[in-house]
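Chemist: This is a predicted model, with the sequence first.
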Amino acid sequence: MAEQLPYSEKVMDHFLNPRNCGEIPDADGIGTVGNPICLSSDTLILSNPGVKAIKAITEGFKVLSHDGLYHNVTSVYRRLYNGMVLRLLVNNLGSCVVTPEHHVLALRLGSRDKFRSHKNFSPDWFHAEELKKGDIILYPIPKSKSDAKFIDFDIGIPKLDFKSKALPKKIKVDADFCRLIGYYLSEGYVRTDKCKGTIGFVFNSKEKDYIKDVVRLIEEFFRIKPAKFIFNRKHTAIDIPFYSARLARFFAKHFGKGANDKHLPAWIMNLPLNKQKGILCGMWRGDGYVDLKRQRAKYVTISKQLAFQLRALFLRQKIIVNSCEGKAYGIHKKSFVSYVQEDSSLKKIIDIMGLPLKISPKKLIRHKSWYDDNYYYTTLRESHLMHYKGYVYNLGVDGAHSFVSNAATLHNCGDVMKMFLKIENDIIVDIKFKTFGCGAAISTSSMVTEMVKGKSISEALKITNEAVAEALGGLPPVKMHCSVLAEEALRSALKDYYRKQGKPVPFEDKGHAHEGETCL
């Protein structure tokens, strides 16, 4: 069976046991090189409670990282770019556009389909240009957890309002209340006037059990009875209004007003799984359906925020979903559709909805996607180069140094190498390095330090990237750029040494100048 990458024993040795790792505090020369990596300006980045285009993110914003937790954005970088980028189309998730050197968390299975033997491969940060169709993309499961047993009813009574019905000061947050939230997100509406208002729900007239459930839940939590039911002309739909301006404003404040604005607040996204099942139950009973004949379940919303929040809830429940965009009716240009077809996931949806349905074992649909305790694994469907001209962005993220787009988990650094030199009488008496990158980047950095330590500057300058690769027993073609960076880091440190000495640099720069980024 082929290995993930044909690394030599020396490469693995230097990767696992790097030499001269660290830094020299009083270094005579310091060199830093690397590949600037970025995303297109409209790339969606996951946060809590929803998604936001990277161009709209500012410092202090919290984003989801590869560890499944939310971390602060410490800086935002922007630069003009005119060149090739890669569009990654990921099965079930969508697509994103990145510069070729951007690190993506993946399992690289190779040109042939090694899906059944994926356990023999290790996840790593790979350059986007290294990934091929059939490789596996890792997507983190959100792990932030905090229960809320009660929430305050934070809508006060207006001074001149003497008719409003008394409402509870606190609301118990249990699976039933969460189900009511789900009903509102899918079938609810509000009208919020100054002194009067309405919260209502519109169902198919055949959905009698769901209608009874909503009426019971409103009465149980808020002690309000519905007004007279309103039927459409053909009696196919039924409107259940509840007259309470304060209750209408409460739902509008916390869960949105209007189909396009529906969303979940941040605290909902961290609730225990059993409570979040209640939200999924109400949502799916309203705007979703299960088609056993076609062996699939489907949910549709026109709210982008709600669609991505729904994805986060699916990830936490380990439900495999195919997310895509579709057409919408009326004034809305598009909708966001979630399909569930994989057998175990479809069973979970049926169980969450409380339906007495069974799936035929003869029609089970299986996907090349799966979960473990930390990640959702799915395949890269397509990767192709395209030209891009305009601003590109990157984020500095505290702690994890990574962020999650709508389609991939991305590191916020390219291969970055930093070398420190101590020089006496033109002899490199000490050298250390600090490198972020893949195994090859670390190995080449380590090998360069061994090759030049104790050598004269003139001897060090004769060391080429090909010599570094040869000393390591060779590198895979896709990793040769790491040896180039190692050579450039050494020459950059030597250049810094000559500048500090006030001497002209006695060699030509073989490195490639990278356009800098601007911190916003």
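Modeler: In hand now; what should we look at? Bear in mind the structure is a predicted one, so any value in this text is a computation, not a measurement.
Chemist: what's across from Tyr289 in the sheet?
Modeler: Lys298 (DSSP bridges).
Chemist: I'd assumed Val300 was in contact with it.
Modeler: No: with contact defined as C-beta atoms under 8 Å, Tyr289 does not count as touching Val300 (9.3 Å). (C-beta placed from N, C-alpha, C; glycine too.)
Chemist: between the two, which one's more packed in?
Modeler: Neighbour totals were compared for Tyr289 and Val300, and Val300 leads with 16 against 13 (other C-beta atoms under 10 Å).
Chemist: which SS state does the more buried one fall under?
Modeler: Each residue gets one of three states, and Val300 gets strand by DSSP: H, G, I helix; E, B strand; the rest coil.
Chemist: List the contacts of it.
Modeler: 287-288, 326, 335-338 (C-beta atoms under 8 Å, 6 or more residues apart in numbering).
Chemist: where exactly do the strands run in the stretch 351-500 of the chain?
Modeler: With DSSP state E, counting those that start in this stretch as the criterion, the stretch 351-500 of the chain has strands at 370-371, 375-397, 402-404, 409-411, 416-424, 427-436.
Chemist: for those strands, which one sits closest to Ser95?
Modeler: With respect to Ser95, and counting by C-beta to C-beta, the nearest of the strands of the stretch 351-500 of the chain is strand 375-397 at 8.2 Å.
Chemist: what lines up beside the closest one in the sheet?
Modeler: Applying DSSP bridges, strand 375-397 is found paired with strand 39-40 (antiparallel), strand 70-90 (antiparallel), strand 136-140 (antiparallel), strand 370-371 (antiparallel).
Chemist: To Thr444, which of the ones you listed lies closest?
Modeler: Of all the strands paired with strand 375-397, the one in closest proximity to Thr444, counting by C-beta to C-beta, is strand 70-90 (23.5 Å).
Chemist: List only buried entries from the contacts of Val300.
Modeler: The neighbour count (16 or more other C-beta atoms under 10 Å) marks 287-288, 335-338 as buried among the contacts of Val300.
Chemist: which one of those is nearest Ser40?
Modeler: Each of these was checked against Ser40 using C-beta to C-beta; the closest is Phe336, at 19.9 Å.
Chemist: Assign that closest one to helix, strand or coil.
Modeler: The local conformation at Phe336, judged by three-state DSSP, is strand.
Chemist: what pairs with it across the strands?
Modeler: Beta-bridge partners of Phe336, as defined by DSSP bridges: Thr301, Glu325.
Chemist: who's in contact with it?
Modeler: Taking C-beta under 8 Å, 6+ apart, one finds 300-304, 306-307, 323-326 in contact with Phe336.
Chemist: And for Ala227?
Modeler: With the criterion set at C-beta under 8 Å, 6+ apart, Ala227 makes contact with 241-243.
Chemist: quick revisit: wait, which of the strands of the stretch 351-500 of the chain is closest to Asp496?
Modeler: For these, the distance to Asp496 is smallest for strand 416-424, at 8.1 Å, taking C-beta to C-beta.
Chemist: Tell me which helix or strand Glu220 sits in.
Modeler: Secondary structure assignment for Glu220, by DSSP states H and E: helix 208-222.
Chemist: hmm, back to that, let me have the buried ones among the contacts of Val300 in JSON lines, adding distance to Lys165 as columns.
Modeler: Conversion of the buried ones among the contacts of Val300 to JSON lines gives the following (distance: C-beta to C-beta, whole Å):
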{"residue": "Asp287", "distance to Lys165": "29"}
{"residue": "Gly288", "distance to Lys165": "32"}
{"residue": "Ser335", "distance to Lys165": "36"}
{"residue": "Phe336", "distance to Lys165": "36"}
{"residue": "Val337", "distance to Lys165": "39"}
{"residue": "Ser338", "distance to Lys165": "37"}
